[in-house]
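A.B. asks: Quick one, fold the following:
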Amino acid sequence: MKAYVYGAEGARISDVAQPKPKGTQVLVRVRACGLNRADTGMRKGHAHGAAGGVGTVLGMEWAGEVAELGPDAKGVKVGDRIMGSGGAAFAEYTLADHGRLFRAPSNMNFEEAATLPVALATMHNAVVTVGGVQPGQAVLIQGASSGVGLMAMQIAKLKGAKLVIGSSTDAYRRGRLKDYGADLAVDSSDPKWVDEVLKATGGEGVDLIVDQVSGKVANQNLAATKILGRIVNVGRLGGTHADFNFDLHAARRISYIGVTFRTRSIEEVRAIFEEVRKDIWGAVESRKLQLPIDRVYAFSDIDKAFAHMEANKHLGKIVVTVP
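C.D. replies: Take a look at the predicted model:
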């Protein structure tokens, strides 16, 4: 089968053996894939958790059809339209655990379905399960113009947040955030953004920050979070190391929590997918929760898709279709 593989000379489309499902695995005939920021690093040979390196089939988000079931796989049957996440997505066929997938709603095509699994699982966990958002609270999403950021704002609104604030350093994308749930959009590269947040919250700060930036905004986040508020760290686009004001952290008694799928067991991941199904799936099926598709590329043009992502001018998801 054809797959997009990282090799000694970089990433390219190659011929590899079609995988065979074992245990609780499902073999998926992939029809469309969503690009994610972590894919850009793996395409350059960087590890993402335990995955990566020479010989790795790249990609982590897909939509397609069940082609075959492992002996212990349950909940789906051959021919079902599904979407999910996991390694080796950029290929004609991929393997998925039966608990790490969703049924694709009948009112979505494969391109639309491929935009959702990572954003839904990541941000329902960050905003609701870990972040503990409650009706009437104020929430700030750092890095809100990414696909997962746009989903985070929508989930916060769905769960009753009174004030949703999104950040983006790009003026055009910042101007679009209100289309996806933001009541206020701020520029996190402008030192005055903390004052804007404090003004909007009566001087108290937000109840919850979901932070995809980290690094340079870490201390500003502390200043923008209310006493006994929460910061959930899901990314490091602004750097992995920075100065940290431990005194301000203690004074405001902020709960600072890190989350990632890189170190989660399959049992933990299954539980996260199940929470999405139980809590917000009706909003997915009704299209209340959805993401814009910035551009669609053919599988043969996957390098162009990555060039578009690395140009960092897109809003929403970049999708690759697999013939």
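A.B. asks: Just give me the neighbour total for Ile108.
C.D. replies: Residue 108: Met, not Ile. Counted by other CB atoms under 10 Å, the residues lying close to Met108 total 19. C-beta coordinates here come from the backbone N, C-alpha and C atoms, glycine included.
A.B. asks: Show the contacting residues for it.
C.D. replies: Contacts for Met108 (CB atoms under 8 Å, 6 or more residues apart in numbering) come out as Arg287.
A.B. asks: So it, which state does it fall into?
C.D. replies: Under DSSP: H, G, I helix; E, B strand; the rest coil, Met108 falls in the coil class.
A.B. asks: where does it land on pLDDT?
C.D. replies: With respect to pLDDT, Met108 scores 97.
A.B. asks: before we move on, what about the one 3 residues further on?
C.D. replies: Glu111 is assigned a pLDDT of 98 by the prediction.
A.B. asks: I figured Leu177 hits Gln142, correct?
C.D. replies: No. Leu177 is beyond contact range of Gln142, at 12.0 Å (criterion: CB atoms under 8 Å).
A.B. asks: Compare these two and say which is more crowded by neighbours.
C.D. replies: Ranked by neighbour count (other CB under 10 Å), Leu177 and Gln142 place Gln142 first, with 29 against 25.
A.B. asks: Contacts for the least confident helix or strand in the chain by mean pLDDT, please.
C.D. replies: Ranked by mean pLDDT, DSSP states H and E, the weakest helix or strand in the chain is helix 37-42, scoring a mean of 91. With contact meaning CB under 8 Å, 6+ apart, helix 37-42 is reached by 6, 48, 51-52, 56, 58-60, 146, 235, 237, 306, 309-310.
A.B. asks: Show me those that map onto helices.
C.D. replies: In helices, judged by DSSP state H, the following of the contacts of helix 37-42 are found: 306, 309-310.
A.B. asks: ok, the residues you listed vs Gly131, which is closest?
C.D. replies: The nearest member of these to Gly131, counting by CB to CB, is Met309 at 26.6 Å.
A.B. asks: And the pLDDT for the closest one?
C.D. replies: pLDDT, read off for Met309, is 95.
A.B. asks: Quick check: PyMOL command selecting the buried ones in the ones in helices among the contacts of helix 37-42.
C.D. replies: Command for PyMOL that selects the buried part of those, burial taken from 16 or more other CB atoms under 10 Å:
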select buried, resi 306+309
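A.B. asks: Quick one: the helices in this protein, in order.
C.D. replies: Using DSSP H, the helices found in the chain span residues 37-42, 110-113, 117-124, 147-158, 171-176, 193-200, 218-224, 246-251, 266-285, 302-311.
A.B. asks: Looking at the ones you listed, spot the one closest to Val210.
C.D. replies: Among the helices of the chain, helix 147-158 sits nearest to Val210 (CB to CB), with 5.3 Å.
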